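*Asks:* Okay, here's the prediction I keep looking at, along with the sequence it came from:
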Amino acid sequence: MTSTRQFHVIIGGEKFKTRKIRNGMHQGSVIAPTLFNIYIIDMPEINSLQLGYTYDWVSRCQSKEWSEIEDTFSKDTFVLKECMDTGYLKSVSTAFHMNNHETSKT
């Protein structure tokens with residue numbers, strides 16, 4: 001039951017109004033990972049490797065060329081965004097690399 005869960009935000013020492021959480025599962029719930037896996041079972045096909053476990057979904061791509069990674073992730077992100085927009089999911093993109101000469105690459 002989610003009706004008893006609440007949250008509030010503090011920014012710069014100012015506490016904002018407490019709100020009730022109206023949807024979602026309790027973190028650590030035994031059934032939550034199973035429900036998440038059912039929820040993502042029909043994720044669309046993409047070019048990068050997809051890994052899903054408990055609450056996380058990861059797309060992975062590896063190349064020595066940034067342009068290839070950017071091209072793959074741009075296409076995959078477009079496909080996944082359409083799916084996530086209809087399913088109340090959020091996404092975060094992060095690129096990791098070992099080429100110190102390109103540390104300023106955005």
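*Replies:* Cool, the structure landed.

*Asks:* longest helix anywhere in the chain?
*Replies:* With residue count as the measure and DSSP state H as the assignment, the chain has helix 66-86 as its longest helix.

*Asks:* which SS class is residue 58?
*Replies:* Three-state assignment for residue 58 (DSSP: H, G, I helix; E, B strand; the rest coil): strand.

*Asks:* what about it, neighbour count?
*Replies:* A total of 10 residues lie near residue 58 under the criterion other Cβ atoms under 10 Å. From N, CA and C alone the C-beta is placed, and that goes for glycine too.

*Asks:* Listing request: residues of the chain with sub-threshold pLDDT.
*Replies:* Of all residues in the chain, those with pLDDT under 70 make up the ranges 1-3, 24-25, 27, 52-56, 86-93, 103, 105-106.

*Asks:* all strands for it, in order.
*Replies:* When assigned using DSSP state E, the strands of the chain occupy the ranges 6-7, 10-11, 14-15, 19-20, 49-53, 56-60.

*Asks:* possible to save those strands as CSV with distance to residue 98?
*Replies:* Formatted as CSV, the entries for the strands of the chain read as follows, by distance: least, Cβ to Cβ, whole Å:
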stretch, distance to residue 98
strand 6-7, 38
strand 10-11, 36
strand 14-15, 42
strand 19-20, 43
strand 49-53, 18
strand 56-60, 15
